[in-house]
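A.B. asks: the amino acid sequence is not available; the structure is as follows:
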């Protein structure tokens, strides 16, 4: 039968494992922080685009109203030409 490893080697291996786990968690934390930063940037861009789109929608010409005005002007001109 094999003999169990001495307690010192177990402690050394556990310390190596602890270091490896700490490095892995630090790497995951860094990746998560980067994802949060990119998410914040995306939120800011979406907010900016929403504001710009709202401004464009407010400043656009109301096409149905313009079409109604043109039709009324055409009717008025036709009527004026018929009477004169």
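C.D. replies: Great, that's in hand. As the structure is a prediction and not an experimental result, all values here were calculated from the model.
A.B. asks: hmm, who's touching stretch 46-53?
C.D. replies: The set of residues external to stretch 46-53 that reach it, using CB atoms under 8 Å, 6 or more residues apart in numbering, is empty. Every residue, glycine included, has its C-beta placed from N, CA and C.
A.B. asks: mean confidence for it?
C.D. replies: Computed over stretch 46-53, the mean pLDDT rounds to 97.
A.B. asks: what about the longest helix in this protein?
C.D. replies: helix 7-59 (DSSP state H).
A.B. asks: quick check: next helix or strand after it?
C.D. replies: Next helix or strand after helix 7-59 toward the C-terminus (DSSP states H and E): helix 63-83.
A.B. asks: spatially central residue in the chain, please.
C.D. replies: Computing the C-alpha centroid of the chain and ranking residues by CA atoms, centre = their mean puts residue 42 first, at 3.2 Å.
A.B. asks: separation between residue 51 and residue 60?
C.D. replies: Separation of residue 51 from residue 60 (CB to CB, to the nearest Å): 15 Å.
A.B. asks: cool, residue 33 as well?
C.D. replies: 41 Å.
A.B. asks: equivalent analysis for residue 68, please.
C.D. replies: Taken as CB to CB, the span from residue 68 to residue 60 is 16 Å.
A.B. asks: tell me which of these two has more neighbours.
C.D. replies: Each of residue 68 and residue 60 has its neighbours counted (other CB atoms under 10 Å); residue 68 has more, 11 against 8.
A.B. asks: so where's the protein shaky on pLDDT?
C.D. replies: Low-confidence segments of the chain (pLDDT under 70): 1, 5-6.
A.B. asks: run a quick neighbour tally on residue 44.
C.D. replies: 10.
A.B. asks: how about the one 4 residues further on?
C.D. replies: Residue 48 is surrounded by 10 other residues when neighbours are defined as other CB under 10 Å.
A.B. asks: ok, back up a step: quick one: the longest helix of the chain to chain centroid distance?
C.D. replies: Distance of helix 7-59 from its chain centroid, counting by CA atoms, centre = their mean, to the nearest Å, is 15 Å.
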